[in-house]
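Q: need coordinates for the following:
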Amino acid sequence: MKSSVLTRYRVMAYVTAVMLLALCACMIAKYGFGMGKDLTLVVSQVHGVLYIIYLIFAFDLGSKAKWPFGKLLWVLVAGTIPTAAFFVERQVVREVEPLLAESAPEPVKV
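A: Residues are numbered from 1 along each chain as shown. You can find the predicted model right below:
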């Protein structure tokens with residue numbers, strides 16, 4: 001497995017988590033204070049598109065890391081729970097980095 005697979009997942013995990021927090025703030029402004037209706041619509045649509053990209057990258061990482069279905073499902077759902085993606089991302093990195101070290105090619109000796 002290439003390290004770029006993990007990097008793509010990490011970037012999208014952070015972006016999705018930040019956008020979900022922004023969406024939560026917009027929802028509070030919309031329903032709690034009656035303002036920001038248009039901003040909430042835009043942020044929700046952007047988060048939706050980014051979440052789909054997150055799903056693709058997380059599924060790609062999970063299939064290459066050979067995760068069981070339950071773990072893959074938890075990682076996929078983490079993008080829908082505010083702040084969960086931050087914690088799940090750290091756990092995934094700790095578990096996947098040893099796999100990357102095992103598959104790294106050895107340097108050529110001259």
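Q: please count neighbours and contacts with C-alpha atoms only from this point.
A: Noted.
Q: let me know the helix or strand that the closest residue to residue 62 other than its chain neighbours is in.
A: By the measure of C-alpha to C-alpha, 6 or more residues apart in numbering, the closest residue to residue 62 outside its immediate chain neighbours is residue 72, 6.0 Å from it. With the criterion set as DSSP states H and E, the secondary-structure element containing residue 72 is helix 69-77.
Q: how about that helix: buried residues?
A: Buried residues in helix 69-77, counted by 16 or more other C-alpha atoms under 10 Å: 72, 75-76.
Q: tell me the mean pLDDT for the following helix or strand past it?
A: Toward the C-terminal end, the helix or strand that comes next after helix 69-77 (DSSP H and E) is helix 84-103. Across helix 84-103, pLDDT averages out at 89.
Q: between the buried residues of helix 69-77, which is nearest residue 49?
A: Comparing those against residue 49 with C-alpha to C-alpha places residue 76 closest, at 14.3 Å.
Q: the closest one is in contact with residue 55, isn't it?
A: Yes: in this structure, residue 76 is within contact of residue 55 by C-alpha atoms under 8 Å, at 6.0 Å.
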